[in-house]
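S.K.: Take this sequence and fold it.
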Amino acid sequence: MPVSIRTQVTEELEELLAVQLIAQSISSLDSDSDQSSSDISMQSGSNSDDEDDFLEPSEVILLALQQAHATRYLQERTCITKESSLMRLTLEVWITEQPAIFRRQVCVNPTTFHALCEIIADDPVFHNNSQNAQIPVPQQLAVTLYRLGHFGNGVNMSDVGLWAGFGHGTVDRITCRVLTALNNQRVRKGAVRWPAAGAEREPMKKWVEDTVCEAWRDGWVMVDGTLVPFARKLAHFGPRWFDRKCNYSLNVQILNDPFMRIVDFSVGLPGSQHDSTAFKLTRAAQEHERLLEPGEFIWADSTYPIQDWLVAPFKAPEKELPDNRNFNYHVSKVRAKSENAIGFLKGRCCSLKGLRVNVNSPDHIRFAALWVSACIVVHSFALYHESIEEYDRDEFFRLGQEIMCEERGEVNRIGAHHESAARVSERQREVAREAELVQARAKWEALKAAWLSSK
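M.R.: Residues are numbered from 1 along each chain as shown. Below is the predicted model of the structure:
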């Protein structure tokens with residue numbers, strides 16, 4: 001968090017006071033002879049009135065410190081006229097007359113919004129013993145969903161406050177309350193849940209069977225990792241969060257079924273961590289013997305260690321064999337749903353394109369993890385309440401695919417840059433070696449000529 005003006009002023013005054021006290025101590029130790037003291041005493045009668053009005057520099061600094069803490073605000077505060085007409089229009093008019101616009105504003109449709117309000121309304125965070133009632137839960141939820149669903153300046157607390165008619169401090173408190181409620185264990189387990197064995201998993205297995213073959217039908221769940229970048233460099237152990245895409249980010253592991261519903265996830269590790277390490281924090285990795293039926297397994301990419309319950313494509317050099325190349329192709333047809341699910345999540349919750357969170361302490365890291373977790377809960381909850389017949393026509397799904405294409409392009413660009421830099425470096429080494437060889441041959445010739453001339 002940025003340092004407040006009061007803190008900055010206090011620190012500067014305290015440093016100045018320390019310097020002044022040291023100077024006064026040195027001055028008192030260096031006070032001169034009795035003659036100087038007698039001179040001062042002789043003059044005391046003439047300037048006693050002036051000494052009464054004179055303050056030592058240290059006393060002036062102490063008065064300044066007292067004044068700095070005497071009032072709550074150091075700068076003049078001006079009232080900003082706000083109007084909540086846009087939020088009221090969203091919650092009172094568009095929610096019934098323009099559901100598409102409503103969904104674009106708060107990233108869920110009206111049915112999902114009402115269901116979310118109902119499920120979080122009883123959370124203790126919305127109830128207190130104060131005589132002043134809290135803002136209604138629907139308004140608090142709308143403000144938070146607006147922030148989760150927008151990216152860049154659209155998620156700024158001041159701009160959201162102008163949209164909702166609240167102060168930016170109120171927006172911050174509202175966001176913290178709703179994120180806490182959305183991450184309540186009861187809400188999270190209701191939105192992100194592992195399908196029960198039997199009839200609930202059968203449609204997923206049927207999709208895999210129809211897409212590839214019957215022998216693969218037990219691979220109904222897949223895992224992939226994604227990076228959620230921060231909008232700015234982290235002050236708290238920043239280098240640890242620097243990832244392969246040259247961003248400061250969080251590593252997020254997503255497990256989903258073929259219908260892009262998220263069944264498990266983990267978030268909190270730095271983006272520099274390997275996916276295989278982050279995957280160990282998921283419930284699926286820790287409880288796979290209980291969660292998976294005999295013969296069932298999870299699809300993963302080649303960065304994950306293969307197990308009898310975790311299947312990944314062949315890596316080089318085995319992947320160059322014709323049969324293995326064909327196997328990898330069909331695996332990619334199933335695993336494409338992982339990328340689709342992650343893209344759908346980022347398309348709905350665009351704040352995940354770049355978290356505008358100041359990270360200066362472990363508490364801020366936990367807040368960022370709560371933010372990502374809340375996005376996953378809202379998205380998963382929405383998938384159970386929204387009936388989307390054609391995903392290709394869904395606005396959030398299409399936006400998510402664009403985001404994933406941008407990320408792939410960024411990875412390819414960085415990879416091409418590193419490859420080009422490696423080629424340039426190799427060429428430079430070759431040129432330097434050729435220059436060394438020329439110098440060595442010249443040395444040969446000089447030594448040979450000197451030896452011949454000495455005969």
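
S.K.: which residues of the stretch 301-450 of the chain score low on pLDDT?
M.R.: 410-425, 448 (pLDDT under 70).

S.K.: just the strands in it please.
M.R.: When assigned using DSSP state E, counting those that start in this stretch, the strands of the stretch 301-450 of the chain occupy the ranges 310-311.

S.K.: show me where it has helices.
M.R.: Shown for the stretch 301-450 of the chain, the helices assigned by DSSP state H, counting those that start in this stretch span residues 322-348, 362-385, 395-453.

S.K.: Make JSON lines out of those and add distance to residue 132.
M.R.: (C-beta placed from N, C-alpha, C; glycine too.) Output for these, formatted as JSON lines (distance: least, C-beta to C-beta, whole Å):
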{"stretch": "helix 322-348", "distance to residue 132": "34"}
{"stretch": "helix 362-385", "distance to residue 132": "25"}
{"stretch": "helix 395-453", "distance to residue 132": "37"}
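
S.K.: Figure out which of those helices is closest to residue 145.
M.R.: Residue 145 sits nearest to helix 362-385 of all the helices of the stretch 301-450 of the chain, at 6.8 Å, using C-beta to C-beta.

S.K.: now the closest one and helix 322-348, what's the angle there?
M.R.: Helix 362-385 and helix 322-348 are oriented at 100 degrees to each other (axes from the mean of the first three to the mean of the last three C-alpha atoms, to 10 degrees).

S.K.: counting contacts, what elements does helix 362-385 pack onto?
M.R.: The contact analysis (3 or more C-beta pairs under 8 Å, 6 or more residues apart in numbering; DSSP states H and E) places helix 362-385 against helix 110-120, helix 137-148, helix 168-182, helix 185-191, strand 249-256, strand 262-270, helix 322-348.

S.K.: and the fifth one, C-alpha only, in CSV?
M.R.: Yep, that's strand 249-256 we're talking about. C-alpha atoms of strand 249-256 as CSV (Å, rounded to 0.1, in the frame of the first residue of the first chain):
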residue,chain,number,x,y,z
SER,A,249,2.0,-13.6,-11.3
LEU,A,250,0.2,-16.2,-9.3
ASN,A,251,0.1,-19.9,-10.4
VAL,A,252,-3.4,-21.2,-10.6
GLN,A,253,-4.2,-24.9,-11.2
ILE,A,254,-7.6,-25.7,-12.7
LEU,A,255,-9.3,-29.1,-12.9
ASN,A,256,-12.4,-29.3,-15.1
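
S.K.: Contacts made by that strand with the rest, please.
M.R.: Residues outside strand 249-256 that contact it (C-beta atoms under 8 Å, 6 or more residues apart in numbering) are 221-230, 241, 243, 262-271, 273, 275, 278-279, 281-282, 284, 298, 337-338, 341-342, 345, 355, 368-369, 372, 376.

S.K.: Which residues does stretch 119-127 contact?
M.R.: Residues from elsewhere that reach stretch 119-127 (C-beta under 8 Å, 6+ apart): 134, 137, 140-141, 177-178, 180-182, 184, 187, 190.

S.K.: Pretty sure residue 310 sits against residue 298.
M.R.: Yes. Using C-beta atoms under 8 Å, residue 310 is in contact with residue 298, at 5.2 Å.

S.K.: Please tell me how far residue 122 sits from residue 112.
M.R.: 18 Å (C-beta to C-beta, to the nearest Å).

S.K.: what do you get for residue 390?
M.R.: Using C-beta to C-beta, we find residue 390 at a distance of 18 Å from residue 112.

S.K.: In terms of packing, which of those two has more residues around it?
M.R.: Neighbour count, other C-beta atoms under 10 Å: between residue 390 and residue 112, residue 112 has more, with 20 against 7.

S.K.: Look at the more buried one and report its pLDDT.
M.R.: Residue 112 carries a pLDDT value of 93.

S.K.: pretty sure it is touching residue 381, no?
M.R.: Yes. Between residue 112 and residue 381 there is a contact under C-beta under 8 Å: 6.6 Å.

S.K.: And the contacts of stretch 119-127, which of them are buried?
M.R.: For these, a burial check counting by 16 or more other C-beta atoms under 10 Å picks out 137, 140-141, 177-178, 180-182, 184, 187.

S.K.: any low-confidence regions in the stretch 1-150 of the chain?
M.R.: Applying pLDDT under 70 to the stretch 1-150 of the chain flags the ranges 1-4, 30-54, 72-83.

S.K.: same thing with the stretch 151-300 of the chain?
M.R.: Within the stretch 151-300 of the chain, the stretches with pLDDT under 70 are 236.

S.K.: hmm, 90 instead?
M.R.: By pLDDT under 90, the low-scoring segments of the stretch 151-300 of the chain are 151-170, 197-198, 231-248, 268, 271, 276.

S.K.: Would you mind measuring from residue 297 to residue 212?
M.R.: 13 Å.

S.K.: These two: which has the busier surroundings?
M.R.: Neighbour count, other C-beta under 10 Å: between residue 297 and residue 212, residue 297 has more, with 19 against 15.

S.K.: OK, contacts around the more buried one?
M.R.: Contacts for residue 297 (C-beta under 8 Å, 6+ apart) come out as 218-219, 308-311.

S.K.: Then residue 371?
M.R.: Residue 371 neighbours (C-beta under 8 Å, 6+ apart): 148, 179, 351, 355, 357.

S.K.: Tell me the one among those nearest to residue 25.
M.R.: Closest approach between these and residue 25, by C-beta to C-beta: residue 357, at 45.8 Å.

S.K.: returning to what we had before: compare the helices of the stretch 301-450 of the chain and give me the one nearest residue 172.
M.R.: Here helix 362-385 is closest among the helices of the stretch 301-450 of the chain (C-beta to C-beta), at 10.5 Å.

S.K.: Show the secondary-structure elements that the helix or strand residue 63 falls within is packed against.
M.R.: For residue 63, the element it lies in under DSSP states H and E is helix 57-68. Counting contacts by 3+ C-beta pairs under 8 Å, 6+ apart, helix 57-68 is packed against helix 5-29.

S.K.: Now do the helix it packs on and helix 57-68, the angle between them.
M.R.: Using the same axes, to 10 degrees, the direction of helix 5-29 lies 160 degrees away from that of helix 57-68.

S.K.: in helix 5-29, what counts as buried?
M.R.: By neighbour count on 16+ other C-beta under 10 Å, the buried set for helix 5-29 is 9, 13, 16-17, 20.

S.K.: Phi, psi for the spatially closest residue to residue 209 that is not a sequence neighbour please.
M.R.: Nearest non-adjacent residue to residue 209, counting by C-beta to C-beta, 6 or more residues apart in numbering: residue 217, 4.2 Å away. Dihedral angles of residue 217 (phi, psi; degrees, to the nearest 10) stand at phi -60, psi -20.

S.K.: correct me, but residue 217 touches residue 206?
M.R.: Yes. With contact defined as C-beta under 8 Å, residue 217 reaches residue 206; the gap is 7.3 Å.

S.K.: which of those two has more neighbours?
M.R.: Set residue 217 next to residue 206 and count neighbours by other C-beta under 10 Å: residue 217 wins out with 20 against 14.
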